[in-house]
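For reference, the sequence and a predicted model appear below.
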Amino acid sequence: MLTIPYGKQQITQADIDAVVAVLTSTNLTQGPKVPEFERAVASFCQANHAIAVNSGTSALHIACLSLGLNQGDIVWTSPFSFVASANCALYCGAKVDFVDVELSSGNMDMKALATKLASAKQINQLPKIIIPVHYAGQPCDLASLYQLSQQYGFKIIEDASHALGACYQDKPIGHGQYSDITIFSFHPVKNITCGEGGMALTQCPEIAKKLRMYSSHGITKTDCVNEIHGDWYYEQQLLGFNYRMTDLQAALGCSQMQRLPEFIARRKAIANRYQKVLPKSIGRLTNDPIGESAHHLFPIQIAANKRKHVFDGMRKAGIIVQLHYINIARQPYYQGLGFDPINYPNTETLSQTSFSLPLYVDLTEAQQDFVVATLLELLADD
């Protein structure tokens, strides 16, 4: 039986040739392809600086460190995301808390955030960093978030793992008009892939320097404290990590970036076709008119008491639907930290009613029709 995954990379001969060229070169790890890939993403996103790393999770971690996150500091993020959005704060010894999302978009609710900030100020528990998540590729309300940051003094890291190719107010996500750092993921189900990989973008040269040092053992060969005796000299100035991307990964990324506009257009066409053929009784996210989604996912919502039957039936038919996401506050680890999932009711509702339909570049109309027909048949079961 042919399976239809919820997401899948497209690999062409050009991608293969790009990787083979590195394999037959002298640079498998740190060579010319990493900076070339960084320049390509930075140019596409209109950012001054881009630092490639080995995963989106690593990008989140060094983003927090580069903004000075320390033990006792506080980070707020969305509970309707993958756990990495919250774990990055804990890696730094900071505390984490959540802001509920909008039912309509799955993105952080700015009204709920404003209320929570006002309360936190009264008890001197304001966050140092807020990490909004552009859920499914749809940008959140960055302008409102930035306005609140000016009022309350927090930094902003955009978790744009889903959103390479999205736009907000006619600027590409990654531009950083309303944030300090934006991070991307290049996992195989994302809009482009490096196999695994991530990137952190910023407009600030000081932040960029820290990002690069934290990604590579805390080492630098410029702006050294001691006297430089030769080209061999380097200094460890921070406690960093081995989060570097390889030239093999970057070669695939460079090749994939050439097709990113084509990928986004195709994803948009598939999403629009779902919107057209699915009945209105099936819930789905609404797109904000001030932002253009990257269409990483196509989540739907159905009645909670029908979801398991439909989910299991779709997978039995070879359609590998997926849940995005379980409320982070429902995870046993986070419940052990004292979080109660019922404190985030919109996230709970979406977590209990949602799953994502297949959406990837090579999905055919016939496959999409089969997905929709199977879904409707299962929903019609008593």
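Yep, that arrived.

can you give me the strands for the stretch 101-250 of the chain?
With DSSP state E, counting those that start in this stretch as the definition, the stretch 101-250 of the chain shows strands at residue ranges 129-131, 155-159, 167-168, 171-172, 181-185, 198-202, 219-220, 235-236.

tell me the average confidence for the fourth one?
Spelled out, that is strand 171-172. On average, the pLDDT along strand 171-172 is 98.

Give me the sheet partners of that strand and which way each runs.
With DSSP bridges as the test, strand 171-172 is paired with strand 167-168 (antiparallel).

which phi and psi does the residue located most distally from the centre of the chain have?
Relative to the centre of the chain, and counting by CA atoms, centre = their mean, the farthest-placed residue is His229 at 42.0 Å. When read as degrees, to the nearest 10, the backbone of His229 gives phi -100, psi -10.

Save the strands of the stretch 101-250 of the chain as a markdown table, and put in mean neighbour count and distance to Gly291 too.
To be clear about C-beta, it is placed using only N, CA and C from the backbone, and glycine gets the same treatment. Converted to a markdown table, these look like this (neighbours: other CB atoms under 10 Å; distance: least, CB to CB, whole Å):
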| stretch | mean neighbour count | distance to Gly291 |
| --- | --- | --- |
| strand 129-131 | 27 | 18 |
| strand 155-159 | 25 | 12 |
| strand 167-168 | 21 | 5 |
| strand 171-172 | 18 | 10 |
| strand 181-185 | 30 | 14 |
| strand 198-202 | 30 | 17 |
| strand 219-220 | 16 | 37 |
| strand 235-236 | 14 | 41 |
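
Reformat those as CSV; add distance to Gln331.
As requested, the strands of the stretch 101-250 of the chain are exported to CSV (distance: least, CB to CB, whole Å):
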stretch, distance to Gln331
strand 129-131, 17
strand 155-159, 17
strand 167-168, 29
strand 171-172, 32
strand 181-185, 19
strand 198-202, 22
strand 219-220, 35
strand 235-236, 35
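
Let's see stretch 46-60 as CSV, backbone CA atoms only.
What follows is stretch 46-60 as a C-alpha-only set of coordinates in CSV (Å, rounded to 0.1, in the frame of the first residue of the first chain):
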residue,chain,number,x,y,z
GLN,A,46,16.9,40.7,4.1
ALA,A,47,18.9,40.1,7.3
ASN,A,48,22.4,41.4,7.9
HIS,A,49,23.7,38.3,9.7
ALA,A,50,22.9,34.5,9.5
ILE,A,51,24.6,31.8,11.6
ALA,A,52,24.0,28.2,10.4
VAL,A,53,23.8,25.4,13.0
ASN,A,54,23.0,21.7,13.2
SER,A,55,19.3,22.1,14.2
GLY,A,56,16.5,24.5,15.0
THR,A,57,16.8,23.5,18.6
SER,A,58,20.5,24.5,18.7
ALA,A,59,19.5,27.8,17.1
LEU,A,60,17.0,28.4,19.9
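
buried set for the helix ranked longest in the chain?
Ranked by number of residues, the top helix in the chain under DSSP state H is helix 260-277. Of the residues in helix 260-277, 260, 263-264, 266-268, 270-271, 273-274 count as buried by neighbour count, 16 or more other CB atoms under 10 Å.

Give me the residues contacting that helix.
For helix 260-277, contacts defined as CB atoms under 8 Å, 6 or more residues apart in numbering pick out 10, 44, 164-165, 191-192, 256, 284, 293-296, 298, 357, 359-361, 363, 365, 368-369, 372.

Can you say which of those are buried?
By the neighbour-count criterion of 16+ other CB under 10 Å, the contacts of helix 260-277 include these buried positions: 44, 164-165, 191-192, 256, 284, 293-296, 298, 357, 359-361, 363, 368, 372.

Take those residues and keep only those in strands.
Secondary structure of the buried ones among the contacts of helix 260-277 is defined by DSSP state E; positions in strands are 284, 298, 357.
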